[in-house]
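S.K.: Next comes the sequence, and after it the predicted model I'd like to discuss.
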Amino acid sequence: MYKPGIPQGTRDFSAETVQKRNYILQTIKNVFELFGFQPLETPAMENLETLMGKYGEEGDKLIFKILNNGLSDPKNIDKAKAGFEKLLEGRNTVELTERALKYDLTIPFARYVAMNYGQLTFPFKRYQVQPVWRADRPQKGRYREFTQCDADVVGSTSLINEIELVNIYHTVFTKLGLAQYELKINSRKILAALAEISGGIDKMTDITIAIDKIDKIGIDKVKEELKQRRILEEHIVTIEKYLHIDGTNEDKLKAVTNLFQNNETAKNGIDELNFILTHSKNINLSIDFTLARGLNYYTGTILEAKAPAHVKMGSIGGGGRYDDLTGLFAVPGIAGVGISFGVDRIYDVLEELKLFPQDLQLSTKVLFFNMGKDESLAALPLMQALRHSGISCELYHEPVKMDKQFKYADKKNIPFIIIYGSNEIATNEVVIKNLKTGHQQNIALKNLPSFLFN
RNA sequence: GUAAUCGUAGCUCAGUUGGUUAGAGUAUCAGAUUGUGAUUCUGAGGGUCGGGGGUUCGAGCCCCCUCGGUUACCCCA
């Protein structure tokens, strides 16, 4: 017999989990809307062509591909075999797979903007909350199916957008009780400038990948890795100077200005960071020149949100500016900036810090005991009346001994039970019992809704 | 893709250098109790010890393979 199971890295969510997740999602959505963003949803799957090559070489490997239908149809068999041969050579092949599960929300969004360019009002501000899939090995804080919450503004190069997005992070994390969050900021322009003075712009990816790891592996290992990536010794010295920049945000800006002298690219990035910081007071925003972010399409500001330092969890959000996202889809010149929240990780953090509100797990408010066939039928209109007043209630499904019915109420965390048996029917009353206090009383039917409201 | 580690009742776990019929707690069901629960007492059901192969007189335990979970690397939210 088939033993039931779910795919690696996916999860079922029980009632309690769903309620907690909804609390996070609702908080984020409300904030997005407060800032003037509007919702968008795109399909779970995209044409593979849309996704391939957008996330780097590693990213391509982690895209879940969907097998074409009808491969075994006799008229397709030759094509399928040819496709499989190509696959064995490590090449991608439309003969076998033309569609894939989406890997993030940004690229599908870019695809949407490119397709609907003429109809949209710019700047276009959208938020999107949907699951995405990655064929990664699961581990702590990493799943194969997880939910992303993105907000992007496209069609505007104004740095006001960055400031607003920083404010969104602040507002959401504060509302969730994560006031100790850390928000790190850097600019790809500064990283580009670093590459320019360290062997050329084509070294940028090598340099950023290496320095991004400094938190984990330390400066010495980073230098080693830079060496392996064929960065010259003299340039590694420069990079080390850059990595040693420390102090307050002001200190860092001064130091980096010194380091880059008259480099035009760096100057741009520094001015931008300065502007954003100046107008983001009272926010835990700090410059981190080691912040790089893997995604290739970022060109300006980059952001990363981390859980409070004592929680061992990677980033719980990230984002950045891209100059030409839709250029990939033949609509050049649309700049944008966006951020993302990692709900699944935020969930784990809130769980660890016990920050979920107590009153989330509200179930049924009232359980009607089943006191027999006629009595239970008499309870039905009574329940309808309560529901009309917005009070959730249910009837125990069978006339079994009260012991069992009490236990059911306990387990489902139902605060009140009502006994509406033959005695009560005769006097137009119910017995209502508060299971927390154990206190019970008789109440006239007509007073029941108002009693339950208090 | 690489590595470590775990897998015994619905759940959490014991299980001696390899030795009779694999245990406990909890949950479930029944009874003490046919209109008043969370406590208590009595009893019952529940297992291919993840799966397959091997060593042995004998394997939950040792060896090999495999599947699944967890964690780390790579990469990432």
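M.R.: The structure has been received and is ready for your questions. Numbers count the residues shown, from 1 in each chain, chains lettered A, B, ... in the order given.
S.K.: mind listing what the nearest residue to A:Tyr143 once chain neighbours are set aside touches?
M.R.: Nearest residue to A:Tyr143 in three dimensions, chain neighbours excluded: A:Gly9, at 5.0 Å (C-beta to C-beta, 6 or more residues apart in numbering). In short, each C-beta sits where N, CA and C put it, glycine included. By C-beta atoms under 8 Å, 6 or more residues apart in numbering, the contact list for A:Gly9 reads A:136-138, A:142-145.
S.K.: what do you get if the cut-off is 10 Å, keeping everything else the same?
M.R.: A:133-139, A:142-146 (C-beta atoms under 10 Å, 6 or more residues apart in numbering).
S.K.: Where does pLDDT dip in the stretch 201-350 of chain A?
M.R.: By pLDDT under 70, the weakly predicted segments of the stretch 201-350 of chain A are A:294-296.
S.K.: quick check, the lengthiest helix in chain A touching RNA strand B?
M.R.: Using DSSP state H to define each element, chain A has its longest helix at helix A:15-34. No: counting by C-beta under 7 Å from any atom of the strand, RNA strand B has no neighbours in helix A:15-34; the shortest distance is 12.8 Å.
S.K.: Check which residues of stretch A:118-131 are buried.
M.R.: Neighbour counts over stretch A:118-131 (16 or more other C-beta atoms under 10 Å) mark A:123-131 as buried.
S.K.: From those, pick the one nearest RNA strand B.
M.R.: Of all the buried residues of stretch A:118-131, A:Pro131 has the smallest distance to RNA strand B: 10.5 Å, by C-beta to the nearest atom of the strand.
S.K.: Can you get me a residue count around A:Val431?
M.R.: A:Val431 has 16 neighbours, counted by other C-beta atoms under 10 Å.
S.K.: residues contacting it?
M.R.: Residues near A:Val431 by C-beta under 10 Å, 6+ apart: A:369, A:417-421, A:423-424, A:440-443.
S.K.: For the helix or strand containing A:Asp78, which helices and strands make contact with it?
M.R.: Using DSSP states H and E, A:Asp78 sits in helix A:77-88. Using 3 or more C-beta pairs under 10 Å, 6 or more residues apart in numbering; DSSP states H and E, no helix or strand is in contact with helix A:77-88.
S.K.: those strands in the stretch 251-400 of chain A, which residues are they?
M.R.: A:285-287, A:301-306, A:315-322, A:336-342, A:366-368, A:393-395 (DSSP state E, counting those that start in this stretch).
S.K.: Give me whichever of the ones you listed is most buried.
M.R.: Mean neighbour count (mean count of other C-beta atoms under 10 Å) peaks for strand A:336-342 among these, with a mean of 26.
S.K.: need the residues of the stretch 351-454 of chain A near RNA strand B, please.
M.R.: Residues of the stretch 351-454 of chain A lying near RNA strand B by C-beta under 7 Å from any atom of the strand: A:371, A:401-404, A:406-407, A:409-411, A:419, A:421-424, A:431, A:433, A:435-436, A:438, A:440.
S.K.: Mark which of these are buried, thanks.
M.R.: By neighbour count, with 16+ other C-beta under 10 Å, these hold A:371, A:406, A:409, A:419, A:421, A:424, A:431, A:433, A:435 as buried.
S.K.: Enumerate the positions of the longest helix of chain A that are buried.
M.R.: Residues A:20-21, A:23-25, A:27-29, A:31-32 are the ones in helix A:15-34 that count as buried (16+ other C-beta under 10 Å).
S.K.: how about those residues in TSV, adding distance to A:Val237?
M.R.: Converted to TSV, these look like this (distance: C-beta to C-beta, whole Å):
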residue	distance to A:Val237
A:Lys20	50
A:Arg21	48
A:Tyr23	50
A:Ile24	45
A:Leu25	47
A:Thr27	46
A:Ile28	44
A:Lys29	48
A:Val31	44
A:Phe32	45
